[in-house]
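>>> Need coordinates for the below:
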Amino acid sequence: MNVSAVRKITISGIVMALYITIMILTQGFAFGQFQIRMATSIYALSAIYPFLIVPLGLSNLLSNTLMGGLGIFDMIGGLFVGILTSLLVYIIKKYKLNDWLIALPIILIPGLIVPIWLSYLIHVPYMILAVSLIIGQIIPGIVGVILVKQLRGKVR
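Alright, predicted model coming up:
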């Protein structure tokens, strides 16, 4: 599907606003022991619109800037995690793998990479954080797959 530059910018802006809005509305459980970040399910949209890879990373950066309060490592780390997760979702789609595999990067990338700097910043062991984040990302991973299955072919 050929999408014009104006349409890409518009869709990117809407998705970024949606990500931030979801984070604001769910921050009560998005930053707890089990960080259930429902906004990360939106990473799955890069399976439909690959141009969202960078805007989704920027959404995580903005989210961590506005609500995280853990400084530059968390902000830049969020950018990296958002881009990497979205990129892996796109690769799964590009190689026409099973849609349910989309859940894996949404669960594992934030779950295994975020604790690298988070353990340093909040002084909690990596393994405890990794298990906690992976458990918290299971629901967003599943929701992301359902989102793609519902929207694929219905959006232009």
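
>>> Could you tell me which residues make contact with Ile24?
When contacts are counted by Cβ atoms under 8 Å, 6 or more residues apart in numbering, Ile24 is found next to 66-67. C-beta: built from backbone N, CA, C; applies to glycine.

>>> That one: which element?
helix 5-30 (DSSP states H and E).

>>> and the following helix or strand past that helix, what does it pack onto?
Downstream of helix 5-30, the first helix or strand assigned by DSSP H and E is helix 53-63. Counting contacts by 3 or more Cβ pairs under 8 Å, 6 or more residues apart in numbering; DSSP states H and E, helix 53-63 is packed against helix 5-30, helix 72-94.

>>> If I take the longest one and helix 53-63, what angle do their directions form?
Interaxial angle of helix 5-30 relative to helix 53-63 (axes from the mean of the first three to the mean of the last three Cα atoms, to 10 degrees): 40 degrees.

>>> Tell me which residues of helix 5-30 come out buried.
By neighbour count on 16 or more other Cβ atoms under 10 Å, the buried set for helix 5-30 is 11-12, 15-16, 19-20, 22-23, 27, 30.
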